[in-house]
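Asker: coords please:
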Amino acid sequence: MAETENAPKKKPLNMKLIIIAVAVLVSAAIIAVAVFKFFISPDAVSDHTPKASAPKTVGVLFEAGDFTTNLADPGGKRFLKAKVILELNEEKKDEKKLAELKEHLPVIRDRILYILSAKTVEDFQVSDSKEKVKKDILVALNKQFGADKFRNVYFQELVYQ
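Answerer: This next block holds a predicted model:
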């Protein structure tokens, strides 16, 4: 009997503590399921990704030719060599319109050459800057020949020193 009196008494479990622990676990499980369902699951990811659009068709391409010009860098020792392709805002090739463009090729080349020669090497070193050069050419040509005649400008070759 003396041994049982000296043995450490077992504390009864506190029911409030058990209820709070179960409530915390259930809440954590609900939050984990909600986070997985709304933010991590493949369905949630696919909802945030842009839907694949129909592939863009490339309009009729017109070769504006090769350009070699000095750049506007100080000292005038830098030059640019580029081959420029223009995308027309037409889906089907119309020989009559292409013949008209060939008649106006000197004007087209003059506008492109004017814009390219006004640029510096820095204008071609960053891809955003190259896009700006393309946009400058596109705006100038559409201003000359009517809005939306040309859709895009491509550099098939681009070398600068």
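Asker: any chance you could map the strands in the protein?
Answerer: For the chain, the strands defined by DSSP state E occupy 61-70, 79-88, 150-160.
Asker: Just give the number of residues close to Asp110.
Answerer: For Asp110, the tally of surrounding residues (other Cβ atoms under 10 Å) stands at 13. Yep, even glycine has a C-beta here, placed from its N, CA and C like the rest.
Asker: Check the spacing between it and Ser129 real quick.
Answerer: Note on Asp110: its distance to Ser129, by Cβ to Cβ, to the nearest Å, is 22 Å.
Asker: same check, this time on Ala64
Answerer: Counting by Cβ to Cβ, the gap from Ala64 to Ser129 is 20 Å.
Asker: how about the CA coordinates for the longest helix along the chain, as PDB?
Answerer: Using DSSP state H, we find that the single longest helix of the chain is helix 15-35. Output in PDB follows, covering the C-alpha atoms of helix 15-35 (Å, rounded to 0.1, in the frame of the first residue of the first chain):
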ATOM      1  CA  MET A  15     -10.700  17.400 -22.100                       C
ATOM      2  CA  LYS A  16     -10.500  21.100 -23.100                       C
ATOM      3  CA  LEU A  17      -6.900  20.500 -24.400                       C
ATOM      4  CA  ILE A  18      -8.000  17.500 -26.400                       C
ATOM      5  CA  ILE A  19     -10.900  19.300 -28.000                       C
ATOM      6  CA  ILE A  20      -8.700  22.300 -28.900                       C
ATOM      7  CA  ALA A  21      -6.000  20.000 -30.400                       C
ATOM      8  CA  VAL A  22      -8.700  18.100 -32.500                       C
ATOM      9  CA  ALA A  23     -10.200  21.400 -33.700                       C
ATOM     10  CA  VAL A  24      -6.800  22.700 -34.700                       C
ATOM     11  CA  LEU A  25      -6.000  19.500 -36.700                       C
ATOM     12  CA  VAL A  26      -9.400  19.500 -38.400                       C
ATOM     13  CA  SER A  27      -9.000  23.200 -39.300                       C
ATOM     14  CA  ALA A  28      -5.400  22.600 -40.700                       C
ATOM     15  CA  ALA A  29      -6.700  19.700 -42.800                       C
ATOM     16  CA  ILE A  30      -9.600  21.800 -44.200                       C
ATOM     17  CA  ILE A  31      -7.100  24.600 -45.100                       C
ATOM     18  CA  ALA A  32      -4.700  22.100 -46.700                       C
ATOM     19  CA  VAL A  33      -7.500  20.600 -48.900                       C
ATOM     20  CA  ALA A  34      -8.700  24.100 -49.900                       C
ATOM     21  CA  VAL A  35      -5.200  25.300 -50.800                       C
END
